[in-house]
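In: Let's see this in three dimensions:
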Amino acid sequence: MKRLLLIFAAGVPLATACLPAAASAGTTGSAAVAASAGTADSAAAAASAGTASSAAGPFTCSSVSVNAPAGTAVESVTAVRREAGTLTVQPVPPFTEVVKIPDVPAYCDVTVTLTHPGVGDHAKVRIWLPATGWTGRFQAVGGSAFAAGDYGAGLAGAIKSGYAAATTDAGVGTYLDAGWALNSAGEVDTALLKNFADRSQHEMAVVGKQVVREVYGRPVSYSYWNGCSTGGRQGYMEAQRHPGDFDGILATAPAINWDEFEVATLWPQVVMNEENTFPSPCKFNAFNEAAVKVCDPLDGARDGVVGDPATCAFDPRRLIGESVECDSGRETITAADAAVVRKIWAGPRTPSGRKLWSGIPIGAGFDLAGTRIDADGNRVGAPFPVPAIWVSTFLKRQPSYDLSTITYAEFAKLFEQSQAEYDTIIGTDDPGLSAFRRSGGKLLTWHGLADQLIPAEGTVDYRRRVELAMGGARQVDDFYRLFLAPGVAHCAGDTSTGPKPTDALTAWVEQGKAPQTLSAAITDSSGKTVTRELCRYPSVSRYTGHGDPADAGSYSCASAQR
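Out: The predicted model follows:
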């Protein structure tokens, strides 16, 4: 479970781009508020687009004023000069490790606190502006789980690459802190949920670009969104509701369909509780390894990766009666174990058998079906925290609710309740992207096919609905491209067995070169580098029958056989 939490918070680097274009500045409201704290100015360079050259005016980190975006008031503005060196990022619960990032340039650290009058919220927007080497680009960094933004690592990576960078906390909590969700009356705080879902990201874009112009003396040349998981969902929401905010959006493993998949992610726990069967981790591993062994060669190469999980028809009942080695000795796989795995792979169903959502993809791990040993020595379920919080707090309005009591029938009702109450707020599944297309924006997504937290089928379904709404695949490919990554876990986490994308946005936005494939690589257990060119949806990668299976040149893109 700890490993999964680390995966959930993983960041994704945004490729730097190259050529100049017209500036795109955000709009602002009235009521300017100046920085209340600062340090001495530093002579520095801002960039003409694509190069680091002199700015229109001197770089300043002592007098930054902000006009409040529409519907907000500015509570405070601070600006502090940070010296170059190694940045220490303190851990935010549930993480415990201190992260040190070397070679961070000197930068101006601006914090703007916004509030929506009458709401009582306090949403912080943080903007980091490198004192030297600014390339004219702006990057907004998304969040993870219930955290709306970044805590320093993503911002540091951005300014090291020459971006001015921004993020927001939306006035809510950290990764697994949803204490803000219920008000004093025990009802969901819809104003704060709106901040988390949508509003604060747009206001951050407006404020961030405004501060960039104030500090460097000229507007940004290109604006980008960069986020995975929750950050990916935020990127899609920007494209759907605020199409002029960003020129390019890198939104990976996006948590779109939030109201549906968050409930669906609890399905493995419901299955185990209802069937009163809790397979041990070694049994789950046996099922996964057997499925991979059978379905691995379907793409033409035996490389330990299932190329297209949707074509894998492995029946877990084939393992009934087999003995597996576990920590406590050998265990025999039972019919009940196989039944649990079949239901988990099949995905959430109503009691009558109607499919609600996708299950854990074959080839991914079974951490969502996590178990533990209780005080009485019995194996019981261990729900993943994010869906557990969503169901207990946002649906049941009871943070201490016992999730183990949820039946199949109640699960179906909770799924429908989540759709009815939250789709329009945080569903992020509106296929109408016409305004984003008209704005000239580009949306690039890759999604791991071994992602058990947010199955890629949800993203594929969204892409199909966009095609239906906007004239077909060719028209959509002009501004929105999807790449599926076999064997890659959530946000390219450390359980990935397949090559991870290494170059994401490329030169699409600034050079007009739409990516046909995405380069990907991974180092296997023997230390060998394995490369692939990820195929543009709906194509899939097939081994050509000759050449090194670890070399991208030995594969070609072909039509999916479903």
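In: Show me what counts as buried in stretch 536-554.
Out: Using 16 or more other CB atoms under 10 Å as the test for burial, stretch 536-554 gives Arg536, Tyr537, Pro538, Ser539, Val540, Ser541, Arg542, Tyr543, Ala550, Ala552, Ser554. For glycine as for every other residue, the C-beta is placed from the backbone atoms N, C-alpha and C.
In: And the residues you listed, which is closest to Leu266?
Out: Nearest to Leu266, judged by CB to CB, of these is Tyr537 at 27.8 Å.
In: Now do the same contact list for the closest one.
Out: Val460, Arg463, Arg481, Leu482, Phe483, Leu484 (CB atoms under 8 Å, 6 or more residues apart in numbering).
In: and which of the buried residues of stretch 536-554 is nearest to Trp267?
Out: Of these, the one sitting nearest to Trp267 (CB to CB) turns out to be Tyr537, at 25.2 Å.
In: Can you tell me how far that closest one is from Gly244?
Out: 26 Å (CB to CB, to the nearest Å).
In: Now for the residue minimising distance to the centre of the chain: which residues touch it?
Out: Centroid check for the chain by CA atoms, centre = their mean gives Ser229 as the closest residue, at 1.6 Å. Contacts here follow CB under 8 Å, 6+ apart; on that basis Ser229 touches Phe8, Ser144, Ala145, Thr252, Ala253, Pro254, Ala255, Leu453, Ile454, His490, Cys491.
In: If you rank the residues you listed by neighbours, which is first?
Out: Ala253 (33 neighbours; other CB atoms under 10 Å).
In: Run a quick check on Ala73 versus Thr113, I expect a contact.
Out: No: judged on CB atoms under 8 Å, Ala73 makes no contact with Thr113 at a distance of 9.7 Å.
In: quick one: which of the two has more around it?
Out: The residue with more neighbours, out of Ala73 and Thr113, is Thr113; 20 against 14, by other CB under 10 Å.
In: Please identify which helix or strand holds the closest residue to the more buried one other than its chain neighbours.
Out: Excluding its sequence neighbours, the residue lying closest to Thr113 (CB to CB, 6 or more residues apart in numbering) is Glu75, at 4.3 Å. In this structure, Glu75 sits in strand 73-82 according to DSSP states H and E.
In: In contact with the residue nearest to Phe436 when sequence neighbours are not counted, which residues?
Out: Spatial nearest neighbour of Phe436, excluding adjacent residues (CB to CB, 6+ apart): Pro243 at 3.8 Å. Pro243 is in contact with Leu433, Ala435, Phe436, Arg438, Ser439, Gly441, counting by CB under 8 Å, 6+ apart.
In: any idea whether Thr531 is helix, strand or coil?
Out: Following DSSP: H, G, I helix; E, B strand; the rest coil, Thr531 is assigned to strand.
In: if I pick Tyr236, what's in contact with it?
Out: Ile249, Ala251, Pro254, Ile256, Thr428, Leu443, Tyr462.
In: Summarise which helices and strands the helix ranked longest in the chain is packed against.
Out: Taking DSSP state H as the criterion, the chain has its longest helix at helix 408-426. Using 3 or more CB pairs under 8 Å, 6 or more residues apart in numbering; DSSP states H and E, the elements in contact with helix 408-426 are helix 190-194, helix 258-264, helix 267-275.
In: low pLDDT regions in the protein?
Out: Counting by pLDDT under 70, the ranges of the chain that qualify are 1-58, 503-504, 506, 561-562.
In: got the contact list for the strand or helix carrying Lys100?
Out: Assigned by DSSP H and E, Lys100 belongs to strand 99-104. Applying CB under 8 Å, 6+ apart, the contact partners of strand 99-104 are 84-89, 91, 152-153, 156-157, 159-160.
In: can you do 6 Å?
Out: Thr86, Leu87, Thr88, Val89, Ala153, Ala156 (CB atoms under 6 Å, 6 or more residues apart in numbering).
In: Now flag whichever of these is closest to Thr371.
Out: Ala153 (31.6 Å).
In: ok, now which ones touch that closest one?
Out: Val89, Val99.
In: for the buried residues of stretch 536-554, which one is nearest Lys396?
Out: Closest to Lys396, out of all of the buried residues of stretch 536-554 and judged by CB to CB, is Tyr537, at 36.6 Å.
In: And the closest one, its phi and psi?
Out: When read as degrees, to the nearest 10, the backbone of Tyr537 gives phi -60, psi 140.
In: before we move on, the earlier item: the contacts of Ser229: which two are farthest apart?
Out: Ala145 and Thr252 (15.1 Å).
In: what's the spacing between the residue nearest to Thr113 and Arg437?
Out: 36 Å.
In: Which residue of these two possesses the greater neighbour count?
Out: Neighbours per residue (other CB under 10 Å) separate Glu75 from Arg437, with Arg437 holding more: 18 against 15.
In: what about that one, is that helix, strand or coil?
Out: Strictly by three-state DSSP, Arg437 counts as helix.
In: Glu214: what secondary structure?
Out: helix.
In: That one - how many residues pack around it?
Out: 22.
In: residue contacts, it?
Out: Neighbours of Glu214 in contact, by CB under 6 Å, 6+ apart: Val64.
In: From Pro297, how far off is Gly545?
Out: Taking CB to CB, one finds Gly545 at 12 Å from Pro297.
In: Pro361 too?
Out: With CB to CB as the criterion, Pro361 and Pro297 are 18 Å apart.
In: Next: Ala520.
Out: 20 Å.
In: neighbour-wise, which of these two wins?
Out: Neighbours were counted for Ala520 and for Pro297 using other CB under 10 Å; Ala520 has more, 25 against 13.
In: sec struct for that one, please.
Out: Under three-state DSSP, Ala520 comes out as strand.
In: Identify the residue nearest it in space, chain neighbours excluded?
Out: In space, Ala520 is closest to Pro499, 3.7 Å off (CB to CB, 6+ apart).
In: Then Ile426?
Out: Ala197 (3.9 Å).
In: what do you get for Val212?
Out: Val212's closest residue in space is Ala164 (CB to CB, 6+ apart), at 4.8 Å.
In: for the one you found, what are its contacts?
Out: Ala164 touches Leu129, Phe138, Val212, counting by CB under 6 Å, 6+ apart.
In: if I look at the second one, how far off is Asp247?
Out: Looking back up the chat, that one is Phe138. 9 Å.
In: okay, and the common contacts of the two?
Out: By CB under 6 Å, 6+ apart, the residues touching both Phe138 and Asp247 are Ser223.
In: and the two? which has more neighbours close in?
Out: Phe138 (31 against 24).
In: residues in contact with the closest residue to that one other than its chain neighbours?
Out: Excluding the flanking residues, the one nearest Phe138 by CB to CB, 6+ apart is Val220, at 4.0 Å. Counting by CB under 6 Å, 6+ apart, Val220 touches Phe138, Lys209, Val212.
In: Ramachandran angles for the residue of the chain most remote from its centre?
Out: Most distant residue from the mean C-alpha position of the chain: Gly321, 39.5 Å away (CA atoms, centre = their mean). Here is the backbone geometry of Gly321 (degrees, to the nearest 10): phi 90, psi -10.
In: Quick one: residues contacting Gly427.
Out: Trp258, Asp259.
In: err, Trp225, not the other one
Out: Ala140, Gly235, Glu238, Phe246, Ile249.
In: can you tell me which of those are in strands?
Out: Among the contacts of Trp225, the members falling in strands are Ala140, Ile249 (criterion: DSSP state E).
In: With just CA atoms, put stretch 324-344 into PDB.
Out: In PDB, the C-alpha atoms belonging to stretch 324-344 read as follows (Å, rounded to 0.1, in the frame of the first residue of the first chain):
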ATOM      1  CA  VAL A 324       2.000 -21.700  -4.400                       C
ATOM      2  CA  GLU A 325       4.800 -20.700  -2.100                       C
ATOM      3  CA  CYS A 326       3.900 -18.000   0.500                       C
ATOM      4  CA  ASP A 327       5.600 -16.400   3.400                       C
ATOM      5  CA  SER A 328       3.800 -18.800   5.800                       C
ATOM      6  CA  GLY A 329       4.400 -21.900   3.700                       C
ATOM      7  CA  ARG A 330       2.600 -23.400   0.700                       C
ATOM      8  CA  GLU A 331      -1.000 -22.500   0.000                       C
ATOM      9  CA  THR A 332      -3.500 -24.100  -2.300                       C
ATOM     10  CA  ILE A 333      -5.600 -22.000  -4.700                       C
ATOM     11  CA  THR A 334      -9.300 -22.600  -4.200                       C
ATOM     12  CA  ALA A 335     -12.300 -22.200  -6.400                       C
ATOM     13  CA  ALA A 336     -13.300 -19.300  -4.100                       C
ATOM     14  CA  ASP A 337     -10.000 -17.600  -4.800                       C
ATOM     15  CA  ALA A 338     -10.500 -17.900  -8.500                       C
ATOM     16  CA  ALA A 339     -14.100 -16.600  -8.200                       C
ATOM     17  CA  VAL A 340     -12.800 -13.400  -6.400                       C
ATOM     18  CA  VAL A 341     -10.200 -12.800  -9.100                       C
ATOM     19  CA  ARG A 342     -12.700 -13.300 -11.900                       C
ATOM     20  CA  LYS A 343     -15.000 -10.700 -10.400                       C
ATOM     21  CA  ILE A 344     -12.200  -8.200  -9.800                       C
END
